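K.L.:
test case, fold it:
(one chain, ligands or ions: 1)
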Amino acid sequence: MKREKKNLIFLIAGIVLVSLLGVVFYQSALPTVQSFYTDQTSLVMDIHSEDNLKFHADPERCKYGKVEYISSDPDVLSVIPDETDKLTCKLVSFDLEGTAQIQIRQVQKNGVNATVLVKVEDKSLIAELKEDAECVDQLIGQLDLNQLSYSDKSSVEECRTAYNALSDRALQYVTLESNLVRAENEIKKIEASYQKQAEAVADQVDAVGEVTLEKAQLIEQCRMAYDALNDEAKQFVTNLAVLEEAEEELDFCLSADELDQLILSIGEVTLEKEEAVMRVYSAYSRLPESAKKKVQRYGILTAAVGVINTLKADKAEAERQAEEARKLAELEEQRSTEENTGYGIVYWTPKGKSYHSRESCPTLSRSKTILSGSVSEAKNSGHGDPCNICAGGS
Ligand SMILES: [Zn+2]
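P.N.:
All right, here's what the predicted structure looks like:
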């Protein structure tokens, strides 16, 4: 019995020994590992997620001993070796975006190793950023680069504002930025050309200087040059007000000049020209103050008005004197008639041609209406013949 037991122990020990030898022999018969590798050298993971990373050894069946895993940034990504498969590990990400290098390494001097670069990103955030960028791309895409006009300026500016409002991360996802830059350059080019045209007009206006009648054509040319610009270019003319003032000033010059011509046409002042002179004077009064200052012959006009007034006064005086003389003469005549006839009141009938010295004259006895007055009144009313009977007629 004791012997059997001993034999059994020897048998077991023998089997164990053979097995161990077999394992050692098998192990020593395997080639040593040349390298580790993965199917993908880089990997992208979402935050708060897990993933398995499988390494392979080359050659496939080989000795590689004990391995360890290292994460270059454990805050971003931690790595947990798989208990059952030493060439597989589990990657666990947190709420931090970043990049970590995961290394598998043979634990021995000059151990073989391999690395994988893993990027951890917030995929929902990135989806939002891409959406924002897409909106800007759509805006830019609406610009027709081949038919861009200055009226598109505000659209281009809108694009730029939207673009600038994006975060730096979102900007990375914009694909049409070069189109926006092209559009901006195009607008700048158009603007520069408008500015050039406008400056040419502005220079022309500046060259007018002090406004005189001789500048009329120059001012008209400025106006034509300005009107020839399109509405957008017009906005770049900085001295439109100067042109408008020059035009107004020119109007004053023209009014003043017209008036000067009118004053010249008066010529020698006579009383017959009173109405004409007063018409010119009233035209002068209606001129704006600025135009009045430009009338050169104002002195001649006021002198003419003065002459008219003097002539009128002279004429009135002459008429007054003539009237006085006439009245005197009439009185004188009446007096001399009365002296000649010696009659104060005389009498006559409306139809008769004679006057009578007495109302009782027989020739008047049948008359119903008998008028009376002075001799001159009788003469003036057609009763100038002295009666043959009572007034010494013959
Ligand atoms: Zn008589």
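K.L.:
following the longest helix belonging to the chain, which helix or strand comes up?
P.N.:
Using DSSP state H, we find that the single longest helix of the chain is helix 298-341. Secondary structure here is assigned by DSSP states H and E; on that basis, the next helix or strand after helix 298-341 toward the C-terminus is strand 346-348.
K.L.:
need the contact partners of that next one.
P.N.:
Residues from elsewhere that reach strand 346-348 (Cβ atoms under 8 Å, 6 or more residues apart in numbering): 354-359, 361, 364, 370-375, 378, 381, 383, 391. Bear in mind the C-beta positions are built from the backbone N, C-alpha and C, glycine included.
K.L.:
return the subset of those residues lying in strands.
P.N.:
Residues from the contacts of strand 346-348 lying in strands, with DSSP state E as the criterion: 354-355, 371-373.
K.L.:
okay, strands next: where are they in the protein?
P.N.:
Along the chain, counting by DSSP E, strands occupy 35-38, 42-46, 50-58, 67-71, 77-81, 88-93, 98-106, 113-121, 346-348, 354-355, 371-373, 385-386.
K.L.:
what strands line up against the fifth one, and which way round?
P.N.:
So the one you mean is strand 77-81. Here strand 77-81 has these sheet partners by DSSP bridges: strand 88-93 (antiparallel).
K.L.:
next, the buried residues of the partner strand.
P.N.:
Judged by neighbour count using 16 or more other Cβ atoms under 10 Å, the buried positions of strand 88-93 are 89, 91-93.
K.L.:
got the angle between that strand and strand 113-121?
P.N.:
30 degrees (axes from the mean of the first three to the mean of the last three Cα atoms, to 10 degrees).
K.L.:
and strand 88-93, how far out from the chain's middle?
P.N.:
Taking the mean of its C-alpha atoms, strand 88-93 sits 64 Å from the chain's own mean (Cα atoms, centre = their mean, to the nearest Å).
K.L.:
pLDDT (mean, whole number) over it?
P.N.:
For strand 88-93, the mean pLDDT works out to 96.
K.L.:
quick check: the residue nearest to E232 when sequence neighbours are not counted vs A192, distance?
P.N.:
Take E232 and drop its neighbours on the chain: the residue closest to it by Cβ to Cβ, 6 or more residues apart in numbering is Y150, 4.8 Å away. With distances taken as Cβ to Cβ, to the nearest Å, Y150 is found 11 Å from A192.
K.L.:
which of these two has more residues huddled nearby?
P.N.:
When neighbours are counted by other Cβ atoms under 10 Å, Y150 and A192 differ, and Y150 comes out ahead with 19 against 11.
K.L.:
gap between the residue nearest to E232 and Q197?
P.N.:
12 Å.
K.L.:
what does this protein put close to the ion?
P.N.:
For the chain, the residues found near the ion under the criterion Cβ under 5 Å from the ion are 356, 361, 363, 387, 389-390.
K.L.:
of all the residues you listed, which comes closest to L53?
P.N.:
H356 (165.3 Å; Cβ to Cβ).
K.L.:
helices along the stretch 151-300 of the chain, start to end?
P.N.:
153-165, 168-171, 177-206, 216-228, 231-234, 240-266, 274-286, 289-294, 298-341 (DSSP state H, counting those that start in this stretch).
K.L.:
in TSV: those, plus mean pLDDT.
P.N.:
As requested, the helices of the stretch 151-300 of the chain are arranged in TSV below (pLDDT from 0 to 100):
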stretch	mean pLDDT
helix 153-165	96
helix 168-171	95
helix 177-206	96
helix 216-228	96
helix 231-234	94
helix 240-266	92
helix 274-286	91
helix 289-294	88
helix 298-341	87
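K.L.:
how about those helices, which one is nearest Y64?
P.N.:
With Cβ to Cβ as the measure, helix 168-171 is the member of those nearest Y64 (41.1 Å).
K.L.:
what's in contact with that closest one?
P.N.:
Under the criterion Cβ under 8 Å, 6+ apart, residues 129-130, 132-133, 163, 177 lie in contact with helix 168-171.
K.L.:
quick one, what contacts the residue nearest to the spatial centre of the chain?
P.N.:
Among the residues of the chain, the smallest C-alpha distance to the mean C-alpha position (Cα atoms, centre = their mean) belongs to Q235, namely 6.0 Å. Taking Cβ under 8 Å, 6+ apart as the contact definition, Q235 lies against 194, 198.
K.L.:
what's the distance between it and the ion?
P.N.:
Spatial separation of Q235 from the ion under the definition Cβ to the ion, to the nearest Å is 107 Å.
K.L.:
looking at that residue now. What's its pLDDT?
P.N.:
pLDDT for Q235: 94.
K.L.:
now Q147
P.N.:
With respect to pLDDT, Q147 scores 92.
K.L.:
so how far is I140 from it?
P.N.:
Note on Q147: its distance to I140, by Cβ to Cβ, is 15 Å.
K.L.:
so these two - more neighbours on which side?
P.N.:
Relative neighbour count places I140 above the other of Q147 and I140, with 26 against 7, counting by other Cβ under 10 Å.
K.L.:
where does pLDDT dip in the stretch 1-150 of the chain?
P.N.:
For the stretch 1-150 of the chain, the stretches flagged by pLDDT under 70 are 1, 26-28.
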